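**Student:** heads up, no residue letters with this:
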């Protein structure tokens, strides 16, 4: 499955959903690791911010995007 992990809470998000169902700002937030709706965009107690390396690997592995853009 083409899933990108949230950089704050590690929630998997389908790449198709990110690119076609979310607004541009929300898409950029998830891809940049700023959070997702599950962790209230990095504000809830689920948000730890410890998953940035996993998030970048998930972008490289599951999308055709350049992960360096989202570091």
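**Tutor:** Thanks, I have it. Every value quoted in this text rests on a predicted model; they were computed, and no experiment measured them.
**Student:** just checking, what's the longest helix in this structure?
**Tutor:** Counting residues, the longest helix found in the chain (DSSP state H) is helix 52-62.
**Student:** Now do the buried residues in it.
**Tutor:** Neighbour counts using 16 or more other Cβ atoms under 10 Å place 55-56, 58-59, 62 of helix 52-62 among the buried residues. For every residue, glycine as well, the C-beta is placed using N, CA and C.
**Student:** same question for that helix, mean pLDDT?
**Tutor:** The average pLDDT for helix 52-62 rounds to 86.
**Student:** got a list of contacts for that helix?
**Tutor:** 1-7, 10, 12, 15, 31, 33, 65, 67, 70-71 (Cβ atoms under 8 Å, 6 or more residues apart in numbering).
**Student:** now that helix, how far from the chain's geometric center?
**Tutor:** How far helix 52-62 lies from its chain's middle: 9 Å, per Cα atoms, centre = their mean, to the nearest Å.
**Student:** Equivalent analysis for stretch 30-48, please.
**Tutor:** The answer for stretch 30-48 is 9 Å, by Cα atoms, centre = their mean.
**Student:** in that stretch, what counts as buried?
**Tutor:** 30-31, 33-36, 38-39, 41-42, 46-47.
**Student:** repeat for stretch 6-15
**Tutor:** By neighbour count with 16+ other Cβ under 10 Å, stretch 6-15 contains the buried residues 6-11, 13, 15.
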